[in-house]
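In: please find the sequence and the predicted model below.
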Amino acid sequence: MLDEKAAAGTVTSGEPTQKVLPPYPEADLMHVVDLLPAGERERYAEVRKFLQTRIRAASTEYWNREEFPFGLLAEMAKYGLGGLQTDGSSKLFKGLMYTEIARADVSLSALVGIHNELIVGMIHELGSPEQKRKWLPGLEAFTQLGAFALTEPDHGSDIAGGLSTTARRDGDDWVINGAKRWIGAGTIADFALVWARDVSDHQIKGFIVESDRAGYSATKITNKIGLRIMQNADITLDDVRIPADNLLPGATAFSRANDLLRDSRAWVGWQAAGIQLAAFDIARSYALERKQFGKELARFQLIQQQLSDILGNANASLSLMVELARIQQAGKLEMVQAAMCKATTTRLARSSVAMGRSLMGGNGITTDYEMGKLFGDAEILYTYEGSYEINSMIVARAVTGKSAFV
């Protein structure tokens, strides 16, 4: 953390002119980072600097082109971002890493989060010893990627009951048929964790399906308004034959995956905190530099109101996620808490980014000033890992005992 003189941008007389930093340059008004132990605090500062100086600036052009930055992925691997799920770090540290990655670029935070929570996590928790030996080293080093293939063209919110992809045992093989949609990293992954319904017992099971298998094809979904770096795909599985050993032994019923899916839903709350901090960073910088009517925007009362509201939303979201990390670390996290945090933080994120775009006027709609990029990304956070409405109904069902699901 910077000391107060550095934060205020104090420059000693005679020194070269430096850009003056505003007070609270990291916008951590609640001193959340101070909750980390010293070792994790040092690592956090190192990774944050890398993300802000390298990833944030480089990501915009990749976002504009809907292109994946493989070189940046290799650099991120050097900071251990491919193995957050298995490196023994605290839930709070892992969450703050997701926040800071989202603060630099939301698309890459989606990749890192799904990679850790659903790919590394599934294989580590539900895979066989052989599957762990084969895949975890490459995944943790980001030299290999996986895709989490659950959602289907006709089944999103109702996927648990409506999943139609099938798996049929045929001698020493499984034969998979079906289609998946919105699969992150689907066009660049080495394999997909495919969820399919076993035709013999009707249970939903998890399978490792290598992307070079005959009958497996992935087509990039283009023209998205957000998360444009993430290579979402339509996947078709046409009589894809895989060895019997590709079944995850711990994923022979969909209920076994619920804990990891719950944690993944909670992870989006950290992303929502990160995008709001990014919106504040961009809006504050703009307000301090942009002049209208002969003075900086930051001197106008309405602008100050918007900056205060964005920062309040961001810190409220971050504080909520800190409490979630506390109960998660204690092993007490339930779906209702994950759903509440996801719904609340993404609602606030949508509002915060909209205020940031408004504050910047016409410049707020272009990626040249970054806010336009966040504006699109916020809509995706509001929708994926369970839409706002679905998560709200999960919370209401838990506290009323009455289900509003059709």
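Out: Structure received. Fair warning: this is a prediction, and the values are worked out from it, not measured in the lab.

In: ok, the nearest residue to residue 190 once chain neighbours are set aside - contacts?
Out: In space, and not counting its chain neighbours, residue 190 is closest to residue 144: 4.7 Å by CB to CB, 6 or more residues apart in numbering. From N, CA and C alone the C-beta is placed, and that goes for glycine too. By CB atoms under 8 Å, 6 or more residues apart in numbering, the residues touching residue 144 are 135, 138, 190.

In: can you pick the most crowded of the residues you listed?
Out: Taking other CB atoms under 10 Å as the neighbour criterion, residue 135 ranks highest of the contacts of residue 144 with 20 neighbours.

In: returning to that earlier point: among the contacts of residue 144, which ones are in helices?
Out: When DSSP state H defines the helices, the subset of those inside them is 135, 138.

In: I'd like the contacts of residue 144 laid out as CSV, including distance to residue 239 and pLDDT.
Out: Formatted as CSV, the contacts of residue 144 follow (distance: CB to CB, whole Å; pLDDT from 0 to 100):
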residue, distance to residue 239, pLDDT
135, 24, 98
138, 27, 97
190, 21, 97
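
In: can you show me the strands along the stretch 101-250 of the chain?
Out: Assigned by DSSP state E, counting those that start in this stretch, the stretch 101-250 of the chain shows strands spanning 146-149, 166-170, 173-183, 191-198, 204-210, 216-220, 233-243.

In: return the most buried member of those.
Out: Among the strands of the stretch 101-250 of the chain, ranked by average contacts under mean count of other CB atoms under 10 Å, first place goes to strand 146-149 (a mean of 28).

In: please name the strands paired to that one in the sheet, noting orientation.
Out: Strand 146-149 has its sheet partners listed here by DSSP bridges as strand 191-198 (parallel).

In: got the angle between the partner strand and strand 166-170?
Out: Counting by axes from the mean of the first three to the mean of the last three CA atoms, to 10 degrees, strand 191-198 lies at 80 degrees to strand 166-170.

In: related to what we said a few turns ago, so which of the contacts of residue 144 would you say is closest to residue 171?
Out: The shortest approach to residue 171 among the contacts of residue 144 belongs to residue 135, at 24.3 Å (CB to CB).

In: next, count neighbours for the nearest residue to the closest one once chain neighbours are set aside.
Out: Counting by CB to CB, 6+ apart, residue 123 is the residue found nearest to residue 135 once chain neighbours are left out, at 5.5 Å. Using other CB under 10 Å, the number of residues around residue 123 comes to 26.
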